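# Got a sequence here, can you build the structure:
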Amino acid sequence: MAFRNKNTASQSNSDFNTITISLASPDSILDRSHGEVLKPETINYRSYKPERDGLFCERIFGPVKDYECYCGKYKRIRYRGIVCDRCGVEVTEKKVRRERQGHIQLVVPVVHTWFFRSLPNKLGYILGIASKHLQMIIYYERYVVIQPGVLGEELSVNDLLTEEEYFEKLDMLPKENQMLPDEDPNKFIAKMGAEAVRDLLSQIDFDALSAELRETAATVKSQQKKSEALKRLKVVEAVRDSSNRVENKPEWAVVHYLPVIPPELRPLV
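Just a heads-up that it's a prediction; the model follows:
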């Protein structure tokens, strides 16, 4: 969430008249994070202290007592700002546990459910892929062509392939083709899962796509195709408009890191 203050007379963070909500980039999630949550544990049932690297970890989110580290080596305000060399907890006020965020690094990226489960399907409109086919890609049921490369005469971007068809295409390629860098236009690339969706989104030129959809809507005779083009255009224009106001990229709908909100803002269950 980005706060944008339009009042030039005051620079106070509490004095604003506009709130803009945008997608968070992986880098921005890491920038706000104070550490990675590695365990699902919360509180130790014997000591009643937060588990290290867990969802309430003091090393990540701050101490549970004012100016006292986890192990008790440093106590009182005179040690303020010191990071304990034994437990790794910063000696500071406990109120930071209402402010500090953490993060969870995912083993594989996932597509945010808001953008492919909601109706209308925003990602489907942007990519020009039917919801059913997009779901097949996300759930590892089909490969999607990212870059046809040397197979450009028989394949196009967004074509779906079964696993059998994918390996058949690989067998048709020269052995050195898969050794080429991904930037080489001759390399054949097909993927499945959220990674494939991210790659497809990142290579879209929204200005060119907008112009193409406008032309289609103006020239096509079929009312159904015209309606589909206008629906896609509405979503594409919304993306372009938001990108002009704040940094916002649709590939950020593919999540690599889960932000973890401060422990004092969530219940202990």
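
# pretty sure residue 116 is in contact with residue 134, am I right?
Yes. Judged on C-beta atoms under 8 Å, residue 116 makes contact with residue 134 at a distance of 6.0 Å. Every residue, glycine included, has its C-beta placed from N, CA and C.

# list the contacts for residue 59?
35, 52, 53, 70, 87, 88, 89 (C-beta atoms under 8 Å, 6 or more residues apart in numbering).

# Among those residues, which ones are in strands?
Those of the contacts of residue 59 mapping onto strands are residue 35, per DSSP state E.

# So which of the contacts of residue 59 is surrounded by the most neighbours?
When neighbours are taken as other C-beta atoms under 10 Å, the top entry among those is residue 89 (25 neighbours).

# and the residue nearest to residue 32 when sequence neighbours are not counted, what is it in contact with?
Excluding the flanking residues, the one nearest residue 32 by C-beta to C-beta, 6 or more residues apart in numbering is residue 101, at 5.0 Å. Residue 101 is in contact with 32, 33, 34, 259, 260, 261, 262, counting by C-beta under 8 Å, 6+ apart.

# just residue 106 next, same as before
So residue 106 contacts 255, 256, 257, 258 (C-beta under 8 Å, 6+ apart).

# before we move on, the earlier item: and for residue 116 and residue 134, which residues touch both?
Joint contacts of residue 116 and residue 134 (C-beta under 8 Å, 6+ apart) are 123, 124.

# Pull up the gap between residue 226 and residue 232, please.
11 Å (C-beta to C-beta, to the nearest Å).

# More neighbours: those two, which one.
residue 232 (22 against 15).

# pLDDT averaged over whichever strand or helix holds the more buried one - what is it?
Element membership for residue 232, per DSSP states H and E: helix 223-245. Confidence for helix 223-245, expressed as mean pLDDT, is 86.

# Low-confidence ranges, the stretch 1-150 of the chain, go.
Residues of the stretch 1-150 of the chain meeting the criterion pLDDT under 70: 1-14.

# residue ranges for the strands of it, please.
Here the stretch 1-150 of the chain has its strands, by DSSP state E, counting those that start in this stretch, at 2-3, 19-20, 33-36, 101-111, 143-147.

# Just put the ones you listed in TSV and tack on distance to residue 26.
Compiled in TSV, the strands of the stretch 1-150 of the chain are given as follows (distance: least, C-beta to C-beta, whole Å):
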stretch	distance to residue 26
strand 2-3	16
strand 19-20	19
strand 33-36	11
strand 101-111	9
strand 143-147	20
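
# Just name the most buried of the ones you listed.
Burial of these is given as mean neighbour count (mean count of other C-beta atoms under 10 Å); strand 143-147 ranks first at a mean of 23.

# partners of that strand in the sheet?
Looking at strand 143-147 with DSSP bridges, its partner strands are strand 160-161 (antiparallel), strand 189-191 (antiparallel).

# Tell me the bridge partners for the residue nearest to residue 32.
residue 33.

# quick one on the thing from earlier: ok, and for the helix holding residue 232, which residues are buried?
Across helix 223-245, burial judged by 16 or more other C-beta atoms under 10 Å covers 228, 229, 232, 233, 235, 236, 239, 242.

# Please apply the same query to stretch 176-183.
Quick answer for stretch 176-183 (16+ other C-beta under 10 Å): 177, 180.
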